[in-house]
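Trainee: whatever this is, show me its structure:
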Amino acid sequence: MKLRRGEKGYTLVELLVAVSIAAFVTAGASMVIITMVKLTPKNSDWAIALHQVQYAGYWISRDVLMADNITVGTGSTFLTLTEPQVDASSKTIVYQFEDMSGGLKRLLRADSDNTTLIAEYISTNTTATPTDNHTLVLNIEAISGETAVSREYRAVQRAPSQ
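Mentor: Numbering: from 1, shown residues only. Here you go, the predicted structure:
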């Protein structure tokens, strides 16, 4: 191909600069993609464990708020709550653990009507400690994959027994 008068091609320096810039952009993009691929399972495990802890904290705090009497259990029975009813009777709610594989547990909520699965992947480090001022301190830990998430909840009784 013959160049016409006044036309010029690219110089070797211009081509090297363009190739270098393209290499840097490609390297940066591939690093971002590799990082995302590696972190996605960790983020997923973290989100699963966090949601399980939040579900357990929500349900227990909700029931403790209405409870007249709280008993911290041992073994598979985690908590037993007694709630007063409008007709002067009482309703008993039992939170119990069910074994899962890997030493983790499911948290179930049972009352006179039904049994509900509250959370999964709960660690044996989960504790409930009543205090003198009608507050239940919950330390809940869930483990998903290699990621552990723990939170502390303070649930206060609205109408504690005298």
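Trainee: residue contacts, the residue sitting nearest the centre point of the chain?
Mentor: Centrality entry for the chain: nearest residue to the mean C-alpha point is residue 50, 0.9 Å, by CA atoms, centre = their mean. By CB atoms under 8 Å, 6 or more residues apart in numbering, the residues touching residue 50 are 142, 149. All C-beta spots, glycine's among them, are computed from the backbone N, C-alpha and C.
Trainee: just confirm it is within a helix.
Mentor: Yes. Checked against DSSP: H, G, I helix; E, B strand; the rest coil, residue 50 lies within a helix.
Trainee: for this structure, which spans come out with low pLDDT?
Mentor: For the chain, the stretches flagged by pLDDT under 70 are 1-7, 159-162.
Trainee: so where do the strands sit in it?
Mentor: Using DSSP state E, the strands of the chain run over 69-72, 77-84, 90-99, 105-110, 115-122, 127-130, 135-144, 147-156.
Trainee: out of these, flag the one nearest residue 25.
Mentor: Of all these, it is strand 147-156 that lies closest to residue 25, at 32.9 Å by CB to CB.
Trainee: note down every partner strand of that closest one and its orientation.
Mentor: Strand pairing for strand 147-156, using DSSP bridges, gives strand 135-144 (antiparallel).
Trainee: who wins for proximity to residue 13 among the strands of the chain?
Mentor: Comparing the strands of the chain by CB to CB, strand 147-156 comes nearest, at 50.3 Å.
Trainee: run the chain-centre distance for the closest one.
Mentor: Average the C-alpha atoms of strand 147-156, do the same for its chain, and the two points are 10 Å apart (CA atoms, centre = their mean, to the nearest Å).
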